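S.K.: Can you look at this prediction? I've put the sequence above it.
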Number of protein chains: 2
Amino acid sequence: MTEPITRAACAARDAADPLAPLRVQFTLPEGVNYLDGNSLGVLPATTAARVQEVVTAEWGQGLIRSWNSAGWITLPQRVGDKIARLVGAKPGELVVADSTSVNLFKVLSATAQIARADDPRRTVIVSERSNFPTDLYIAESVAAQHGLTLELLDIDAIPARLGPDVAILMLTQVNYRSGRMADMAAVTALAHAAGALMLWDLAHSAGAVPVDLNAANADFAVGCGYKYLNGGPGAPAFVWAHPRHADRFWQPLSGWMGHAAPFVFEPGYRPAPGIGRYLCGTPSVIGLSALECGVDSLLTAEPLGGMAALRAKSVALSELFIALVRERLAGSGLTIHSPLDAGRRGSQVSLGVPTDGSINGYAVMQALIARGVIGDYRAGDGSAAEPHLLRFGFTPLYTRFVDVFDAIEALAAVLASGEWQQPQFTHKGAVT
Amino acid sequence: MTEPITRAACAARDAADPLAPLRVQFTLPEGVNYLDGNSLGVLPATTAARVQEVVTAEWGQGLIRSWNSAGWITLPQRVGDKIARLVGAKPGELVVADSTSVNLFKVLSATAQIARADDPRRTVIVSERSNFPTDLYIAESVAAQHGLTLELLDIDAIPARLGPDVAILMLTQVNYRSGRMADMAAVTALAHAAGALMLWDLAHSAGAVPVDLNAANADFAVGCGYKYLNGGPGAPAFVWAHPRHADRFWQPLSGWMGHAAPFVFEPGYRPAPGIGRYLCGTPSVIGLSALECGVDSLLTAEPLGGMAALRAKSVALSELFIALVRERLAGSGLTIHSPLDAGRRGSQVSLGVPTDGSINGYAVMQALIARGVIGDYRAGDGSAAEPHLLRFGFTPLYTRFVDVFDAIEALAAVLASGEWQQPQFTHKGAVT
């Protein structure tokens, strides 16, 4: 039997962690152990001042002149080029625009068009049954519009399904429920071998795990600004197209910012070259500026090893979490719902709630939050395959080994004490 | 011959203006006479602190909890209900979401679907040739997708064109170039008499002129947050549907926030009841919060007579501007390109640049800006019908009668001195 893991041992790991100094980049609330950066990232210390500058100086004083003098007009590209460094894209290949949902609509519409132009028998969009719902809702809509069929499968059944009728495979690389991570290069190669296009949603990947879109030879990608990129609530999202497609397709949200010459005010639409045509309306300047601070907070890790170093710490944090679950929560009924192989796991670990109803997962998370440990709860169908989940995200920019230790201690206490059964925790009012 | 208008007379009008106290609500740059609120509104004095609170307290401290505790999740409806008061909509009929372009895509897709369901022979979208380009680009896209035809006409030719093949009439109530304002109720009645649906873009109306969507019996409307609503650069936009349509149609941007139960995470899309289905992705919380301050700055005028009082002052300002153009700029070659009938004019006046090329309108505006008077320049085709324009917007919340006087004095000086011919003004680098 091994020695129990101690808090002192965790503190020693923090003291030895070369990434530990990055934590001061963030404004974290006192008394909160935040393990929900996979849902909403934390506030970088630079953001408040930068947003204030944009509001008071650039908008308030510069007014309309700031479209040029403050570079507002190129913000979607400037911030896009920074995100590109985190996901293996080249400068000019990625722009920030709209929401993930809207960007999914753009790329799915484009891929539908490309696939059918190349081979009209390709009429199926394949995705994972437990993909994030907005991805499925948008795909459902695009399928209905283009006369395609959306087929939702268990992830393991997807390779066998790829065939001559599949136009597009759309996956979120890291599943929002299980944290299971797909091998981007291998899955893309499977899709391409079957003649399908590959669309990746990087919502739980960008800033969380190393991504190399060009090396994986992906076709399209979208991603979220407010999770691991720390862009703030409702931050704008991003979209990438492989250069082989960028000039080739039409996307239906043909707003003026995606026009080849928006300020010529022509009556007819001419798409901008490359990824620029994925822009639509006037960019959200304040939101983009906040997002830039979040992205910058990740880029400061580049001299320390960048995403590879962050990934190594993320794996160490989640391995510690799993070890502590096994050590402290054995017999609690909670199960580890994320892959045990770290190579197949993103930067989160989800715990399954017993399917016998003995534990109210929602209430457990509320009680845990009352103790200052913030994860989140995601209901399933209650089955063993899709149990109700307690999700814990690890963001190596600021999560410490002691935070993981303390979270498990708190969770063990919530379960052992039965305090989650108090009415203030069992009453369901929360929406997130 | 009447006495010339004096600056003292203008100052006296400001002193007697019951709306003058509203000006202190805004943070205006020193030495700037801002007549471009029709392009980007100014900064309300409350916005910086409110945005700071959202960033540091709600996001930084509240983190994910603020979706509930700070009411983020209902921001699109809360701010929507405030905008509703400015445009004759009822609570629950209007939401804030995405950009004007994206919202146009939603409503045009819905109207295309409704019109064709009611009468498949209706295959034409009619709009104004000089409508704002993004409206035309989006309509071009929707038409292509739905097998419809987009027909662009001069505004006066539209009534005669409305016939049994017209599905939708889409107009911006106040034309962005000429400032010409359509009679919303009369034009809507014409469209309905011909069996067409009526879609209004309120980009230059909301917060500028009284609008009553329900009284006009309009079908759909969209509008912009960053012009007269003072929401900040790239502020989110809004969308309204008449209740008779709200539950009836499907719009293709079926993101999770428009789902009937977004936090149940169902795999299939079920649209929310009413206007809620027009939401798509996660709302832009910081941008929405800034927009709310801008809308609040307009609602403070309600005890002073609201939009009717603001309109009366707007008309007085533009009438003064026109009188001064006639008095001070006669013989300059500049023409008044906006309707002379105040009842047919929005809250801006555009001056046409001589078509003989004797004046470089772009350079004149740059020289005027160098003197601290900010309007903007919009190129035309150089013809008498669509000349190059100098645009001046009047925003009665903060524009004073002396500002109008000073602007004309500056413009007269720029023209009389010929200073616009200096190279720093004639070199075209600006994009707005």
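M.R.: Everything's here; your move.
S.K.: Please make it C-alpha for all contacts and neighbour counts, starting now.
M.R.: Noted.
S.K.: Which parts of chain A belong to which domain?
M.R.: A:7-43+A:305-426, A:71-299 (automatic domain parsing).
S.K.: Which of the ones you listed has the highest mean neighbour count?
M.R.: For the domains of chain A, the largest average neighbour count (mean count of other C-alpha atoms under 10 Å in any protein chain shown) is found in domain A:71-299, namely a mean of 22.
S.K.: could I get the domains of chain A as TSV with distance to residue B:340 and mean pLDDT?
M.R.: TSV is the format used below for the domains of chain A (distance: least, C-alpha to C-alpha, whole Å; pLDDT from 0 to 100):
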stretch	distance to residue B:340	mean pLDDT
domain A:7-43+A:305-426	52	96
domain A:71-299	25	96
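S.K.: Indicate which one of those is closest to residue B:322.
M.R.: domain A:71-299 (26.1 Å; C-alpha to C-alpha).
S.K.: export whichever strand or helix holds residue A:49 as CSV, just CAs?
M.R.: Per DSSP states H and E: residue A:49 is located in helix A:47-52. Written as CSV, here are the backbone C-alpha positions of helix A:47-52 (Å, rounded to 0.1, in the frame of the first residue of the first chain):
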residue,chain,number,x,y,z
THR,A,47,-8.2,43.0,-18.6
ALA,A,48,-9.9,45.6,-16.4
ALA,A,49,-7.4,48.3,-17.2
ARG,A,50,-7.4,47.4,-20.9
VAL,A,51,-11.2,47.4,-21.1
GLN,A,52,-11.2,50.7,-19.3
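S.K.: hmm, who's touching the helix or strand where residue A:125 lies?
M.R.: Taking DSSP H and E as the definition, residue A:125 sits inside strand A:124-128. For strand A:124-128, the external contacting residues (C-alpha atoms under 8 Å, 6 or more residues apart in numbering or on different chains) are A:136, A:139, A:143, A:148-155, A:158, A:165-171.
S.K.: Buried residues, the helix holding residue A:49. List them.
M.R.: A:47, A:48, A:50, A:51, A:52 (16 or more other C-alpha atoms under 10 Å in any protein chain shown).
S.K.: Just want the residue of the stretch 251-400 of chain A that's nearest chain B.
M.R.: In the stretch 251-400 of chain A, the residue that lies nearest chain B is residue A:284 (4.1 Å; C-alpha to the nearest C-alpha).
S.K.: quick one, what contacts that residue?
M.R.: Counting by C-alpha under 8 Å, 6+ apart, residue A:284 makes contact with A:236, B:233, B:234, B:235, B:236, B:287.
S.K.: now it: how far from residue B:285?
M.R.: Going from residue A:284 to residue B:285 by C-alpha to C-alpha, to the nearest Å gives 11 Å.
S.K.: follow-up on the earlier one: the domains of chain A into JSON lines, with extra columns for distance to residue B:405?
M.R.: Converted to JSON lines, the domains of chain A look like this (distance: least, C-alpha to C-alpha, whole Å):
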{"stretch": "domain A:7-43+A:305-426", "distance to residue B:405": "46"}
{"stretch": "domain A:71-299", "distance to residue B:405": "30"}
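S.K.: Residue B:334: which of the ones you listed is closest?
M.R.: Proximity to residue B:334 (C-alpha to C-alpha) singles out domain A:71-299 among the domains of chain A, at 21.6 Å.
S.K.: What is the end-to-end distance of that closest one?
M.R.: Domain A:71-299 end-to-end distance (C-alpha to C-alpha) = 21 Å.
S.K.: in which helix or strand would I find residue A:167?
M.R.: Per DSSP H and E: strand A:166-172 holds residue A:167.
S.K.: Could you list every helix and strand in contact with that strand?
M.R.: Contacting strand A:166-172 under the criterion 3 or more C-alpha pairs under 8 Å, 6 or more residues apart in numbering or on different chains; DSSP states H and E are the following elements: helix A:100-118, strand A:124-128, strand A:197-201.
S.K.: Apply 6 Å and report the result again.
M.R.: For strand A:166-172, the packing partners by 3 or more C-alpha pairs under 6 Å, 6 or more residues apart in numbering or on different chains; DSSP states H and E come out as strand A:124-128, strand A:197-201.
S.K.: ok, so what distance separates residue A:9 from residue A:18?
M.R.: In terms of C-alpha to C-alpha, residue A:9 sits 16 Å off from residue A:18.
S.K.: With residue A:373 instead?
M.R.: 25 Å.
S.K.: Report the contact partners of the residue lying closest to residue A:288 once chain neighbours are set aside.
M.R.: Spatially, and ignoring its direct neighbours in sequence, residue A:288 is nearest to residue A:236 (6.5 Å; C-alpha to C-alpha, 6 or more residues apart in numbering or on different chains). Residues near residue A:236 by C-alpha atoms under 6 Å, 6 or more residues apart in numbering or on different chains: A:97, A:98, A:99, A:225.
S.K.: filter those residues down to the ones near chain B?
M.R.: Contacts with chain B are made by residue A:99 out of the contacts of residue A:236, judged by C-alpha under 6 Å from any C-alpha of the partner chain.
S.K.: Get me the contact residues on chain A for chain B.
M.R.: Within chain A, the residues that sit near chain B (C-alpha under 6 Å from any C-alpha) are A:29, A:40, A:43, A:60-61, A:64, A:99, A:101, A:133-134, A:137-138, A:141, A:233-235, A:252, A:254-256, A:265, A:267, A:269, A:281-285.
S.K.: Which of these fall within helices?
M.R.: A:101, A:133, A:134, A:137, A:138, A:141, A:285 (DSSP state H).
S.K.: mind listing what the third one touches?
M.R.: Residue A:134 sits next to B:255, B:256 when contact means C-alpha under 6 Å, 6+ apart.
S.K.: The same query, at a cut-off of 7 Å, please.
M.R.: Each residue near residue A:134 by C-alpha atoms under 7 Å, 6 or more residues apart in numbering or on different chains is listed here: A:101, B:255, B:256.
S.K.: Quick one: those as a markdown table, columns for distance to residue B:318 too.
M.R.: Output for those, formatted as a markdown table (distance: C-alpha to C-alpha, whole Å):
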| residue | distance to residue B:318 |
| --- | --- |
| A:101 | 42 |
| B:255 | 43 |
| B:256 | 45 |
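S.K.: of all these, which comes closest to residue A:325?
M.R.: For the contacts of residue A:134, the nearest to residue A:325 is residue B:256 (32.7 Å; C-alpha to C-alpha).
S.K.: ok, back up a step: of the contacts of residue A:284, which is the nearest to residue A:190?
M.R.: residue A:236 (30.9 Å).
S.K.: in chain A, which helix has the most residues?
M.R.: Under DSSP H, chain A gives helix A:306-328 as its longest helix.
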